[in-house]
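**Student:** no letters, just coordinates:
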């Protein structure tokens, strides 16, 4: 099973996925996706890798498959969406753009070229026209499982229990984080034992006392200068060895403390990512807003999401019902520019249904 979890190009990238593909020796490839999207170039590279694999590829969205992740999803011969999951497409985003009007115009042209690549991918798996797909991307269209299947983006619903069981089998040996914690705890216990070694003399039994007494009686009353010097050298060497061992242990403790801090930071990032993903899925944030929120601290993210309200841009959140006699698709086709986009956003579900009926 190939797992694509998190932000494309950040949490998972082309190299990661290629290593998983090469390590998977099964006759068919199962790809599990839970991603808000990310780098378009990394996503397109993963799409090409899956499309060029000779095996049958099944892609499954559990939770969210948005932006560049939707392109990866489209590489599947079989494309499944979970009951409570969402598929989302939109125009390519760009961050931190600056420059003069000519440079900005060049950026716009590049973005249009990237949009056309995505439209070609979606067109290859659906019967929708490029014009229809372009209109859907303009308004950041989210589709549930039924809608994705109806329009051809997906081929069916996912067997969620089977996918979770398959994922659990992949990691059943033992979670690596548990192993790391056990190693750390064991090492600290060893350190504690070392630093708390008892310096008290050990009592001898009667036989040992008699032997020691006999040896002391046989020993000369004074040691030769040479013997004293050798004894002092041995003590100094033992002290140096003990100091080196102590320094090595202290360095190891510091290294493990840094590893624990890094692990805690990673857990905080994972919690932030989960909160933002859920907010995007619930239409509380757009994808662009989600990226900005990810830059905040965990407490600020929680506060931001508590204040966020549900956006009216999600599916099934359009205008009030109108008479069935109106041909919304015809009206939509007659409009141009921003008027056309606004009309599509307002009557999206009705227009999509009419498009599907005309197929």
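**Tutor:** Sure, I can see it. It should be emphasised that the depicted structure is a prediction, and the values quoted were computed from it without experimental measurement.
**Student:** in this structure, where is pLDDT below threshold?
**Tutor:** 160-226, 310-325, 358-359 (pLDDT under 70).
**Student:** so what are the domain limits for this structure?
**Tutor:** Domains of the chain are assigned by automatic domain parsing as 2-173, 176-221+244-307.
**Student:** deepest of the ones you listed, which one?
**Tutor:** domain 2-173 (a mean of 18; mean count of other Cβ atoms under 10 Å). Where you see a C-beta, it was placed from the backbone N, CA and C, and this is true even at glycine.
**Student:** ok now that domain, how far from the chain's centre?
**Tutor:** A distance of 14 Å separates the centroid of the chain from that of domain 2-173, by Cα atoms, centre = their mean, to the nearest Å.
**Student:** any residues touching the strand or helix carrying residue 22, and which ones?
**Tutor:** Using DSSP states H and E, residue 22 sits in helix 14-23. Residues outside helix 14-23 that contact it (Cβ atoms under 8 Å, 6 or more residues apart in numbering): 2, 3, 4, 29, 42, 45, 46, 49, 50, 53.
**Student:** kindly provide the distance from the fifth one to residue 333.
**Tutor:** Put plainly, it is residue 42. Separation of residue 42 from residue 333 (Cβ to Cβ, to the nearest Å) stands at 36 Å.
**Student:** mind listing what residue 59 touches?
**Tutor:** Going by Cβ under 8 Å, 6+ apart, residue 59 touches 31, 33, 50, 72, 73, 74, 75, 76, 78, 79, 80.
**Student:** in three-state terms, label the residue nearest to it when sequence neighbours are not counted for me.
**Tutor:** Nearest-residue entry for residue 59: residue 76, 3.2 Å, with adjacent residues in sequence omitted and distances by Cβ to Cβ, 6 or more residues apart in numbering. Classification of residue 76 using DSSP: H, G, I helix; E, B strand; the rest coil returns coil.
**Student:** mind listing residues that contact stretch 238-246?
**Tutor:** So stretch 238-246 is contacted by nothing (Cβ under 8 Å, 6+ apart).
**Student:** if we can go back for a sec, in JSON lines, list the domains of the chain along with distance to residue 349.
**Tutor:** JSON lines is the format used below for the domains of the chain (distance: least, Cβ to Cβ, whole Å):
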{"stretch": "domain 2-173", "distance to residue 349": "8"}
{"stretch": "domain 176-221+244-307", "distance to residue 349": "14"}
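**Student:** quick one, which of those is nearest to residue 340?
**Tutor:** Of all those, domain 2-173 sits nearest to residue 340, with 6.9 Å by Cβ to Cβ.
**Student:** which helix or strand lies directly C-terminal to the host helix or strand of residue 105?
**Tutor:** Per DSSP H and E: residue 105 is located in helix 101-125. With elements assigned by DSSP H and E, the helix or strand that comes after helix 101-125 is helix 130-138.
**Student:** make sure residue 28 is actually in contact with residue 58.
**Tutor:** Yes: between residue 28 and residue 58 there is a contact at 6.7 Å, judged by Cβ atoms under 8 Å.
**Student:** tell me the contacts of residue 153?
**Tutor:** Applying Cβ under 8 Å, 6+ apart to residue 153 gives the contacts 70, 73, 74, 79, 87, 122, 125, 126, 143.
**Student:** which element is it on?
**Tutor:** Element membership of residue 153, judged by DSSP H and E, is empty: it is in no helix or strand.
**Student:** and it, how far is that from residue 309?
**Tutor:** 28 Å.
**Student:** ditto for residue 117
**Tutor:** 34 Å.
**Student:** how about the helix or strand residue 332 falls within: buried residues?
**Tutor:** Assigned by DSSP H and E, residue 332 belongs to helix 328-334. For helix 328-334, a neighbour-count test (16 or more other Cβ atoms under 10 Å) marks 328, 329, 332 as buried.
**Student:** output the residues you listed in CSV; the columns should cover distance to residue 260.
**Tutor:** Shown next, in CSV, are the buried residues of helix 328-334 (distance: Cβ to Cβ, whole Å):
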residue, distance to residue 260
328, 58
329, 59
332, 57
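**Student:** so which of these comes closest to residue 339?
**Tutor:** Minimum distance to residue 339 across those is 9.6 Å, recorded for residue 332 (Cβ to Cβ).
**Student:** about what we covered before: closest to residue 282 out of the contacts of residue 59?
**Tutor:** Distance to residue 282 across the contacts of residue 59 (Cβ to Cβ) is lowest for residue 33, with 18.7 Å.
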